[in-house]
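>>> This is the structure alone, sequence omitted:
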Ligand SMILES: [Ca+2]
Ligand SMILES: [Ca+2]
(Lines give C-alpha, C1' and ligand atoms only; values in the text may rest on other atoms or scores of the structure.)
(Ligands and ions follow the chains in the order given, each with its own letter.)
Protein backbone atom coordinates (compact mmCIF):
# COMPACT_ATOMS: atom_id res chain seq x y z
CA UNK A 1 0.00 0.00 0.00
CA UNK A 2 1.09 3.55 -0.59
CA UNK A 3 -0.20 7.04 -0.06
CA UNK A 4 -0.96 8.83 -3.29
CA UNK A 5 -2.47 12.14 -4.23
CA UNK A 6 -5.27 11.98 -6.74
CA UNK A 7 -8.20 14.00 -7.99
CA UNK A 8 -11.30 13.31 -10.06
CA UNK A 9 -9.56 14.08 -13.36
CA UNK A 10 -6.89 11.42 -12.78
CA UNK A 11 -9.64 8.80 -12.45
CA UNK A 12 -11.71 10.06 -15.39
CA UNK A 13 -8.66 10.17 -17.68
CA UNK A 14 -7.83 6.59 -16.78
CA UNK A 15 -11.36 5.28 -17.29
CA UNK A 16 -11.64 7.06 -20.62
CA UNK A 17 -8.36 5.67 -21.87
CA UNK A 18 -10.02 2.62 -23.43
CA UNK A 19 -6.78 0.70 -23.96
CA UNK A 20 -5.32 1.26 -20.49
CA UNK A 21 -8.63 0.73 -18.73
CA UNK A 22 -9.69 -2.40 -20.64
CA UNK A 23 -6.23 -3.85 -20.16
CA UNK A 24 -6.31 -3.45 -16.39
CA UNK A 25 -9.87 -4.73 -16.24
CA UNK A 26 -8.89 -7.87 -18.13
CA UNK A 27 -5.81 -8.42 -15.96
CA UNK A 28 -7.80 -8.06 -12.80
CA UNK A 29 -10.61 -10.24 -14.10
CA UNK A 30 -8.23 -13.07 -15.05
CA UNK A 31 -6.57 -12.73 -11.70
CA UNK A 32 -9.85 -13.05 -9.81
CA UNK A 33 -11.19 -15.86 -11.99
CA UNK A 34 -9.55 -18.63 -9.96
CA UNK A 35 -11.15 -21.54 -11.87
CA UNK A 36 -10.74 -19.83 -15.29
CA UNK A 37 -14.33 -20.37 -16.41
CA UNK A 38 -14.60 -16.80 -17.67
CA UNK A 39 -17.05 -15.84 -14.94
CA UNK A 40 -16.64 -14.47 -11.45
CA UNK A 41 -18.64 -16.26 -8.81
CA UNK A 42 -19.53 -14.58 -5.53
CA UNK A 43 -16.52 -16.05 -3.76
CA UNK A 44 -14.19 -14.99 -6.56
CA UNK A 45 -15.67 -11.48 -6.53
CA UNK A 46 -15.37 -11.23 -2.77
CA UNK A 47 -11.65 -10.63 -3.07
CA UNK A 48 -12.30 -7.67 -5.32
CA UNK A 49 -15.15 -6.31 -3.24
CA UNK A 50 -12.91 -6.34 -0.19
CA UNK A 51 -10.27 -4.25 -1.94
CA UNK A 52 -12.79 -1.62 -2.98
CA UNK A 53 -12.81 -0.47 0.63
CA UNK A 54 -15.36 2.12 -0.32
CA UNK A 55 -17.39 1.59 2.79
CA UNK A 56 -14.64 0.76 5.22
CA UNK A 57 -12.63 3.90 5.00
CA UNK A 58 -13.57 7.45 5.44
CA UNK A 59 -10.80 9.78 4.41
CA UNK A 60 -8.28 7.02 4.96
CA UNK A 61 -9.41 6.20 8.47
CA UNK A 62 -10.59 2.64 8.93
CA UNK A 63 -14.05 2.47 10.33
CA UNK A 64 -14.83 -0.74 12.21
CA UNK A 65 -17.85 -2.47 10.79
CA UNK A 66 -19.98 -5.27 12.02
CA UNK A 67 -19.16 -8.41 9.93
CA UNK A 68 -22.87 -9.06 9.24
CA UNK A 69 -23.30 -5.55 8.01
CA UNK A 70 -20.22 -5.93 5.85
CA UNK A 71 -21.41 -9.16 4.25
CA UNK A 72 -24.75 -7.50 3.45
CA UNK A 73 -22.84 -4.73 1.73
CA UNK A 74 -20.79 -7.27 -0.25
CA UNK A 75 -24.01 -9.06 -1.24
CA UNK A 76 -25.55 -5.89 -2.55
CA UNK A 77 -22.35 -4.91 -4.37
CA UNK A 78 -22.29 -8.30 -6.06
CA UNK A 79 -25.89 -7.87 -7.20
CA UNK A 80 -24.94 -4.47 -8.54
CA UNK A 81 -22.18 -6.04 -10.67
CA UNK A 82 -24.35 -8.93 -11.83
CA UNK A 83 -26.47 -6.97 -14.29
CA UNK A 84 -28.36 -9.95 -15.73
CA UNK A 85 -28.76 -11.61 -12.30
CA UNK A 86 -27.41 -14.98 -13.41
CA UNK A 87 -25.35 -15.34 -10.23
CA UNK A 88 -22.01 -14.64 -11.88
CA UNK A 89 -20.17 -11.59 -13.15
CA UNK A 90 -18.78 -11.71 -16.69
CA UNK A 91 -16.07 -9.49 -18.13
CA UNK A 92 -18.51 -6.97 -19.61
CA UNK A 93 -20.44 -6.62 -16.37
CA UNK A 94 -17.22 -6.30 -14.42
CA UNK A 95 -15.96 -3.58 -16.71
CA UNK A 96 -19.22 -1.64 -16.88
CA UNK A 97 -19.72 -1.62 -13.12
CA UNK A 98 -16.11 -0.84 -12.26
CA UNK A 99 -16.26 2.06 -14.68
CA UNK A 100 -19.43 3.39 -13.08
CA UNK A 101 -17.98 3.10 -9.60
CA UNK A 102 -14.81 4.87 -10.59
CA UNK A 103 -16.71 7.67 -12.29
CA UNK A 104 -18.91 8.04 -9.22
CA UNK A 105 -15.78 8.22 -7.11
CA UNK A 106 -14.31 10.83 -9.44
CA UNK A 107 -17.44 12.93 -9.10
CA UNK A 108 -17.21 12.60 -5.35
CA UNK A 109 -13.59 13.70 -5.34
CA UNK A 110 -14.11 16.65 -7.63
CA UNK A 111 -11.15 18.75 -8.55
CA UNK A 112 -9.51 19.02 -5.17
CA UNK A 113 -6.58 16.61 -4.94
CA UNK A 114 -6.84 14.33 -1.92
CA UNK A 115 -4.42 11.93 -0.31
CA UNK A 116 -5.52 8.33 -0.31
CA UNK A 117 -4.02 5.08 0.86
CA UNK A 118 -4.05 2.80 -2.17
CA UNK A 119 -3.52 -0.93 -2.52
CA UNK A 120 -0.67 -1.90 -4.82
CA UNK A 121 -2.80 -3.38 -7.62
CA UNK A 122 -5.95 -1.32 -7.21
CA UNK A 123 -7.46 0.48 -10.18
CA UNK A 124 -6.96 3.80 -8.45
CA UNK A 125 -3.28 3.07 -8.08
CA UNK A 126 -3.14 2.24 -11.79
CA UNK A 127 -4.87 5.53 -12.55
CA UNK A 128 -2.24 7.41 -10.57
CA UNK A 129 0.58 5.46 -12.20
CA UNK A 130 -0.80 6.12 -15.65
CA UNK A 131 -1.01 9.83 -14.90
CA UNK A 132 2.55 10.05 -13.63
CA UNK A 133 3.99 8.09 -16.59
CA UNK A 134 2.16 10.44 -18.87
CA UNK A 135 3.57 13.49 -17.09
CA UNK A 136 7.07 12.03 -17.18
CA UNK A 137 6.83 11.30 -20.91
CA1 LIG B 1 -14.65 -18.34 -12.13
CA1 LIG C 1 -24.17 -11.87 -14.82
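Happy to help now that I have it. The model shown is predicted, which means the values in this text are computed figures rather than measured ones. Ligands and ions are numbered 1, 2, ... in the order given.

>>> Check which residues of the helix ranked longest in the chain are buried.
Scanning the chain for the longest helix, with DSSP state H as the assignment, gives helix 91-109. For helix 91-109, the neighbour count (16 or more other CB atoms under 10 Å) marks 91, 93-95, 97-99, 101-102, 105-106, 109 as buried. Bear in mind the C-beta positions are built from the backbone N, C-alpha and C, glycine included.

>>> Mean pLDDT per helix and strand in the chain: which one sits at the bottom?
Lowest on mean pLDDT, DSSP states H and E among the helices and strands of the chain sits strand 57-58, with a mean of 51.

>>> Quick check: buried residues in whatever helix or strand residue 9 lives in?
Using DSSP states H and E, residue 9 maps to helix 8-16. Buried positions in helix 8-16, judged by neighbour count with 16+ other CB under 10 Å: 8, 10-15.

>>> Tell me the helices and strands packed up against it.
Under the contact criterion of 3 or more CB pairs under 8 Å, 6 or more residues apart in numbering; DSSP states H and E, helix 8-16 touches helix 18-32, helix 91-109, helix 123-136.

>>> how about the first one: buried residues?
If you call a residue buried by 16+ other CB under 10 Å, then helix 18-32 has these buried ones: 20-21, 24-25, 28-29, 32.

>>> Against which helices or strands is it packed?
Secondary elements touching helix 18-32 (3+ CB pairs under 8 Å, 6+ apart): helix 8-16, helix 42-52, helix 91-109, helix 123-136.

>>> Equivalent analysis for the shortest one, please.
Applying 3+ CB pairs under 8 Å, 6+ apart, we find helix 123-136 packed against strand 2-6, helix 8-16, helix 18-32, helix 91-109, strand 114-118.

>>> Mind doing that once more with 10 Å?
strand 2-6, helix 8-16, helix 18-32, helix 42-52, helix 91-109, strand 114-118 (3 or more CB pairs under 10 Å, 6 or more residues apart in numbering; DSSP states H and E).

>>> buried ones in it?
Buried-residue list, helix 123-136, by 16+ other CB under 10 Å: 123-128, 130-131.

>>> Quick one: name the residues of this structure near ligand 1.
Proximity of the chain to ligand 1, by CB under 5 Å from the ion, involves residues 33, 35, 37, 39.
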